[in-house]
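In: give me the fold of what follows.
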Amino acid sequence: MSAAEQADRGAEAVGGGADRAAIRGRVEGARDELLALSRRIHAHPETAFAEHRAAAWCADVLRAHGFAVTAPAYGLDTAFVASIGSGPVTVAIVCEYDALPGLGHACGHNLIAAAGVGAAIALGSDADRLGLTVRVVGTPAEERGAGKALLLDAGAFDGVDAAMMVHPCPFEVAEFRSFALGTLSVEYIGTGAHPSLNPEDGRSAADALTVAQVALGLLGKQLPSHWKVHGITTAAGMSPNAVPERATAEYELRTSDAVDLAELRSRVEACFRAGALAIGCEVRLTRPEPDYLDFRTDPTLIALWRANARELGRPEPIRRDPFACTDMGNVSHVIPSIHPVLDITAGACGPHEPAFAEAAISPAAEQALTDGAIAMAWTAADYATLRQDALTNRTPGAK
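Out: Model prediction:
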């Protein structure tokens, strides 16, 4: 059965239209509670690994709706797992809730969290009859820290058959594509000296970083256009009348996939080592967080999502080349996953802009929250039906 045929099959699943109406009704019945959760998280932004209130608020709402909650979870203080049901198909609904330093919820993670909670509530009371185990995974540190990669390694997604989340954006995309992202921390250790009294005794860490940055600029002319290297200098001396003995920088590397990322990292690190060699400094290169992998959309899940989003009257999705990075990509490499993005600004502004933080509590954003919760719940229920049908129809020895 093709993905399109599966979507058609899924649209008729979940026990019929009455159940789809019931799922939608549960989201709409909880709308005020979900909007209050979104606005509360938005009003109290917390950055990576410090999202104590946001995680607790999400967990409290789920607990009140009958979910068994574990918090903290899997070694992360601001992660949680909430579950309900004991069906044979386990679907993970992913909540993000971290904010950006200085920009608050300019990526709209307040909406992601509330939509995920809403989808779970819509499925919860009927999970067993639908053949579902619903697992909500509260994931900290998406903006920096790769919380999902840490949770994946710790086992938070073990036994999951499908994973999903939604994300606000300035356009509508069903089949989300992302870059692979690697981070690099650079530290040069040189030798201090007076720049006019004894400059020959100095080894300028700042100059070593400058040499490396020149090398990176020249390297850029030899890289594919979709490979990106960008960063900032975080320290390069304290005074112009002292040879800097320490310099630091933070860099990000982006490519279309994990294989290319490994090659780009090797070439970039060579530039930083060249700076150390040229000036006579020591260089220390470290990875402050796990790599973010490129996102892989599951064709069956996305076909179901498209049908459900269309039924809700969402804008027709467009196709976009990779434009961002997410640690949900790591999940998608091991579990069938979707990450649709929902238009909340019609192109007026984009994520990581101050105006997007304001848009994240707009009427359009709150409609996207409701639509996202309903469409995720419908998609999870449809997928459970398809999986159970496949198991029922499988003949002995079939592969």
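In: CA atoms for contacts and neighbours, from now on please.
Out: Noted.
In: under a three-state scheme, what state does the nearest residue to A82 once chain neighbours are set aside occupy?
Out: Of all residues not flanking A82 in the chain, V69 sits nearest, at 4.2 Å (C-alpha to C-alpha, 6 or more residues apart in numbering). Put simply, V69 is strand when judged by DSSP: H, G, I helix; E, B strand; the rest coil.
In: how many other residues sit next to V69?
Out: Residues lying near V69 (other C-alpha atoms under 10 Å) number 19.
In: and it, how far is that from A380?
Out: To A380, V69 is 20 Å away according to C-alpha to C-alpha, to the nearest Å.
In: mind checking the end-to-end distance for stretch 193-203?
Out: 8 Å.
In: buried stuff in that stretch?
Out: Applying a neighbour-count criterion of 16 or more other C-alpha atoms under 10 Å, one finds A193, P195, G202, R203 buried in stretch 193-203.
In: dump these to a markdown table, plus pLDDT, distance to L123 and secondary structure.
Out: As requested, the buried residues of stretch 193-203 are arranged in a markdown table below (pLDDT from 0 to 100; distance: C-alpha to C-alpha, whole Å; DSSP: H, G, I helix; E, B strand; the rest coil):
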| residue | pLDDT | distance to L123 | secondary structure |
| --- | --- | --- | --- |
| A193 | 95 | 67 | coil |
| P195 | 94 | 69 | coil |
| G202 | 96 | 66 | coil |
| R203 | 98 | 63 | strand |
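In: could those go into JSON lines alongside distance to L184?
Out: Shown next, in JSON lines, are the buried residues of stretch 193-203 (distance: C-alpha to C-alpha, whole Å):
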{"residue": "A193", "distance to L184": "28"}
{"residue": "P195", "distance to L184": "30"}
{"residue": "G202", "distance to L184": "26"}
{"residue": "R203", "distance to L184": "23"}
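In: and which of those residues is nearest to L264?
Out: Checking the buried residues of stretch 193-203 against L264 by C-alpha to C-alpha gives R203 as the nearest, at 28.1 Å.
In: quickly list what that closest one is bridged to.
Out: T191 (DSSP bridges).
In: contacts only, for it.
Out: G190, T191, G192, A193, V243, P244, E245, I279, G280, C281 (C-alpha atoms under 8 Å, 6 or more residues apart in numbering).
In: so who does the second one touch?
Out: By that I understand T191. Here T191 is in contact with D201, G202, R203, S204, A205, V243, P244, E245, C281 (C-alpha under 8 Å, 6+ apart).
In: distance of the first one from P244?
Out: So that's D201. In this view, D201 and P244 are 12 Å apart by C-alpha to C-alpha.
In: where do the contact lists of the two overlap?
Out: By C-alpha under 8 Å, 6+ apart, the residues touching both D201 and P244 are T191, G192, A193.
In: need these in JSON lines (columns: distance to W57).
Out: Output for those, formatted as JSON lines (distance: C-alpha to C-alpha, whole Å):
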{"residue": "T191", "distance to W57": "50"}
{"residue": "G192", "distance to W57": "50"}
{"residue": "A193", "distance to W57": "54"}
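In: and for the nearest residue to M238 once chain neighbours are set aside, the neighbour number?
Out: Nearest non-adjacent residue to M238, counting by C-alpha to C-alpha, 6+ apart: P244, 7.2 Å away. Residues contacting P244 under the criterion other C-alpha under 10 Å number 26.
In: what residues are up against P244?
Out: Contacts of P244 (C-alpha under 8 Å, 6+ apart): G190, T191, G192, A193, R203, S204, A205, A206, A236, G237, M238.
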